[in-house]
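Visitor: Sequence and computational prediction follow.
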Protein chains: 2
Amino acid sequence: MTQSLSHSTTKNNGKEGMKQEHVNQIQNAISAIEKRNIQNVFFVACGGSMASLSFGDYFVTKDTGKPSFVYTSNEFVHSQPKGLNENSLVILRSHSGTTPETVKAATYARNIGALTVAISMDTESPLCKEAEYVLHYNYKDGSNAIDGEIGIYYTFIFKLLKTLTGDEKYDRGIEQLSNLEGLIETNQEKHKEAAFEFGKRNKREKTIYTMASGAYIHHAYSFTSCLLMEMLWINSNAIHSGEYFHGPFEITDYDVPFLLIVGEGPSKPLDQRALDFVTKYSEKVEVVDVSKFDYSGVDDDLKEYFGPALAGPVMRLYADGLAEHTGHPLSVRRYMWKMEY
Amino acid sequence: MTQSLSHSTTKNNGKEGMKQEHVNQIQNAISAIEKRNIQNVFFVACGGSMASLSFGDYFVTKDTGKPSFVYTSNEFVHSQPKGLNENSLVILRSHSGTTPETVKAATYARNIGALTVAISMDTESPLCKEAEYVLHYNYKDGSNAIDGEIGIYYTFIFKLLKTLTGDEKYDRGIEQLSNLEGLIETNQEKHKEAAFEFGKRNKREKTIYTMASGAYIHHAYSFTSCLLMEMLWINSNAIHSGEYFHGPFEITDYDVPFLLIVGEGPSKPLDQRALDFVTKYSEKVEVVDVSKFDYSGVDDDLKEYFGPALAGPVMRLYADGLAEHTGHPLSVRRYMWKMEY
């Protein structure tokens, strides 16, 4: 399925509260989680939706010590992980809510007695009907970003992390998400020209590698799978900056293009090391430095959470740049929507 | 670091017991594990070594319900997963035992009080000195495969699974590993010609995708990172067969080569579905069907464990085929062994 990282069109440039319906949905899911003795968390989806959920897995693993896992839906249903039980929280996501593998995963998890939470733009979708709790997000309807997929998901994740750890910083995280709309805009603005130029310079490239570490490996995965391979038909591979030196770096040459994300968080030194090497041997390196983003209104200790939230809409611009200069719109498909598979 | 999937040269074609020194090392590690209340398992290494360890993670997750995680060493040290504590088992691996990131990971895990087990061909290496328990394997010394990296690792993993579950089938697994040497040979023999022809047909290709699911995604990762990108300088990406339909499949065209592993195990239907699609739209699909391997002397319920053990040496032949026909030996490097990085 297509990822959908573009945020909703702005109407309200300033701060705005989340719609009450969304607040209630998140609170209902959190209340159910609080009532259950949750022993592990599974994030289950396909493609871009799986990558988007993975940020939650990253922070649950890093901050809580609670076992947390990411599965592509079909593998989840077939491999039947033994740790899945009635004390499991299973978070599922599908933009349309129709992805058959993810609907099946919800049924499977629910039959085992796990607590299921579905995230989608359509609460009437099969996925939302299959899951016990539903988080809806607005999509391109002109509403504030806090009610869009990033706002809803990060609010939920902050609340989940608060529930699992009790740390007050996640409350500040939720408050500061009121800056999301403005921050998405300023950071997109900051990268607009670079992204356009990236598209211009790389329009003849048949292969563009992406590279990242920490939470950002999921942005690299999304960009590789959904934007480059799916939407632009450009060969790619999302290389982990730490793994780069253990095989993939031998592919590096003066004419091999890399799009590298320097992250904001503990694994930034891995990205920096990869960047130092790759810029020495390739003349075609583009860097998105998330640590240099505008984080106005965000506390220092929360930047590592906001970085991944803000990177998606910025990355999208680099795909737009390629689409513009290759004349290949991001909406074109060979197979998807055209046939059964 | 280079992966090293090739098995030792045969001297003893028949069954042969493991060397006593190796038996003792494995037993010492298992005894230490039994004494500790192990709550989770971390598999930590880089590149091909990480991929090789990942089979352990796959089976621990699928069979035991014990939380299990795979980390590239540097990410492990920097992200500092909260679940790591004195009740963690940390299994590390480096062929030479010198990989600096993995040595640091051993130090980090040991300082936290976790139980550390290192796997290497050199017990005098920094990694083995840093870890509490050491598993040595023979490498290209003409000894039986049971004392090589596959034999040692699968014996250890079967014993670990037995310790964690009590299931007798893992004892049978250990017994039947006495067939490993012969099975590696017969399965390599079965694929020799196909691998040679694959190399011949694909020698001009600049990009070859790999695809797999379940445990085999780690073979695809190894083949992509270490054999295609590192050793052959061919662009690649290891695509999960379940994820294929959620982005990457749009890259498929009549002239795009894929090397697909059809696995032996629960996620085989995912591979079959991807195979059905990809063969319809690409004229350059090569299949390694692990479910059709020779499993003489292996019980039906153990085939899913032996499949991943046997697939490595078979996959290696496909890289040999490319090396033969491209005239690019697998030992050539641009950067590795030549500079500091």
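Guide: Structure's in. What do you need? Please read all numbers here as calculations on a predicted model, not as lab measurements. Residues are numbered from 1 along each chain as shown, chains lettered A, B, ... in the order given.

Visitor: And the pLDDT for the closest residue to chain B within the stretch 151-300 of chain A?
Guide: At 2.8 Å from chain B, residue A:246 is the closest residue in the stretch 151-300 of chain A, using Cβ to the nearest Cβ. Bear in mind the C-beta positions are built from the backbone N, C-alpha and C, glycine included. Note on residue A:246: pLDDT of 97.

Visitor: Leaving out the residues flanking it, which one is nearest to it?
Guide: Counting by Cβ to Cβ, 6 or more residues apart in numbering or on different chains, residue B:47 is the residue found nearest to residue A:246 once chain neighbours are left out, at 2.8 Å.

Visitor: Within range of chain B, give me the residues from the stretch 1-150 of chain A.
Guide: With the criterion set to Cβ under 8 Å from any Cβ of the partner chain, the stretch 1-150 of chain A comes near chain B through A:1-3, A:40, A:46-50, A:61-67, A:69, A:72-75, A:78-83, A:85, A:99, A:101.

Visitor: could you pull out the helices for the stretch 101-250 of chain A?
Guide: For the stretch 101-250 of chain A, the helices defined by DSSP state H, counting those that start in this stretch occupy A:126-130, A:149-165, A:169-176, A:180-202, A:217-222, A:232.

Visitor: closest one to residue B:224 among those?
Guide: Residue B:224 lies closest to helix A:217-222 among those, at 14.1 Å (Cβ to Cβ).

Visitor: ok, residue A:246 - contacts?
Guide: Residue A:246 makes contacts with B:1, B:46, B:47, B:48, B:49, B:50, B:72, B:99, B:225, B:226, as judged by Cβ atoms under 8 Å, 6 or more residues apart in numbering or on different chains.

Visitor: now, which of those residues sits nearest residue A:237?
Guide: Out of the contacts of residue A:246, the member with the shortest distance to residue A:237 (by Cβ to Cβ) is residue B:225, at 8.7 Å.

Visitor: Quick check: the closest one vs chain A, distance?
Guide: From residue B:225 across to chain A, the span is 4 Å (Cβ to the nearest Cβ, to the nearest Å).

Visitor: Span of stretch A:246-257 from start to end?
Guide: 19 Å (Cα to Cα, to the nearest Å).

Visitor: tell me, what residue is most central in chain A?
Guide: residue A:52 (2.6 Å; Cα atoms, centre = their mean).

Visitor: For it, give me the pLDDT.
Guide: Model confidence at residue A:52 (pLDDT) stands at 98.

Visitor: Is it located within a strand, as I assumed?
Guide: No: counting by DSSP: H, G, I helix; E, B strand; the rest coil, residue A:52 is not part of a strand but helix.

Visitor: In this structure it contacts residue A:153, no?
Guide: Yes: applying Cβ atoms under 8 Å, one finds residue A:52 in contact with residue A:153, separated by 6.8 Å.

Visitor: do you know how far the residue lying closest to residue A:341 once chain neighbours are set aside is from residue A:63?
Guide: Nearest residue to residue A:341 in three dimensions, chain neighbours excluded: residue B:277, at 5.4 Å (Cβ to Cβ, 6+ apart). From residue B:277 across to residue A:63, the span is 39 Å (Cβ to Cβ, to the nearest Å).

Visitor: picking up where we left off before, closest to chain A among the contacts of residue A:246?
Guide: Using Cβ to the nearest Cβ, these come closest to chain A at residue B:47, 2.8 Å.

Visitor: and the residue of the stretch 1-150 of chain A found nearest chain B, how many neighbours?
Guide: At 2.8 Å from chain B, residue A:47 is the closest residue in the stretch 1-150 of chain A, using Cβ to the nearest Cβ. Neighbourhood size, residue A:47 [other Cβ atoms under 10 Å in any protein chain shown]: 29.

Visitor: Let me know whether it touches residue B:249 as I believe.
Guide: No: with contact taken as Cβ under 8 Å, residue A:47 and residue B:249 are classed as non-touching, separated by 10.1 Å.

Visitor: Is residue A:331 located within a helix, as I assumed?
Guide: No: counting by three-state DSSP, residue A:331 falls outside a helix, being coil.

Visitor: list the contacts for it?
Guide: Here residue A:331 is in contact with residue A:231 (criterion: Cβ under 8 Å, 6+ apart).

Visitor: how many neighbours does the closest residue to residue A:284 other than its chain neighbours have?
Guide: Spatial nearest neighbour of residue A:284, excluding adjacent residues (Cβ to Cβ, 6+ apart): residue A:257 at 3.9 Å. Residue A:257: 20 surrounding residues under other Cβ under 10 Å.

Visitor: thought residue A:257 was touching residue A:283?
Guide: No: contact criterion Cβ under 8 Å: residue A:257 and residue A:283 do not qualify, at 9.0 Å.

Visitor: Low-confidence ranges, chain A, go.
Guide: A:1-16 (pLDDT under 70).

Visitor: Domain map for it?
Guide: A:20-167, A:180-326 (automatic domain parsing).

Visitor: now the end-to-end length of the first one.
Guide: Its first and final residues considered, domain A:20-167 spans 25 Å by Cα to Cα.

Visitor: any idea how far it is from the chain center?
Guide: Domain A:20-167 has its C-alpha centroid displaced from the chain centroid by 13 Å (Cα atoms, centre = their mean, to the nearest Å).

Visitor: Quick check: closest non-adjacent residue to residue A:107.
Guide: Spatial nearest neighbour of residue A:107, chain neighbours left out: residue A:130 (5.5 Å); criterion: Cβ to Cβ, 6+ apart.

Visitor: I'd say that neighbour and residue A:116 touch.
Guide: Yes: Residue A:130 lies in contact with residue A:116 (Cβ under 8 Å); the separation is 7.5 Å.

Visitor: shared neighbours of those two, anything?
Guide: Joint contacts of residue A:130 and residue A:116 (Cβ under 8 Å, 6+ apart) are A:106, A:110.
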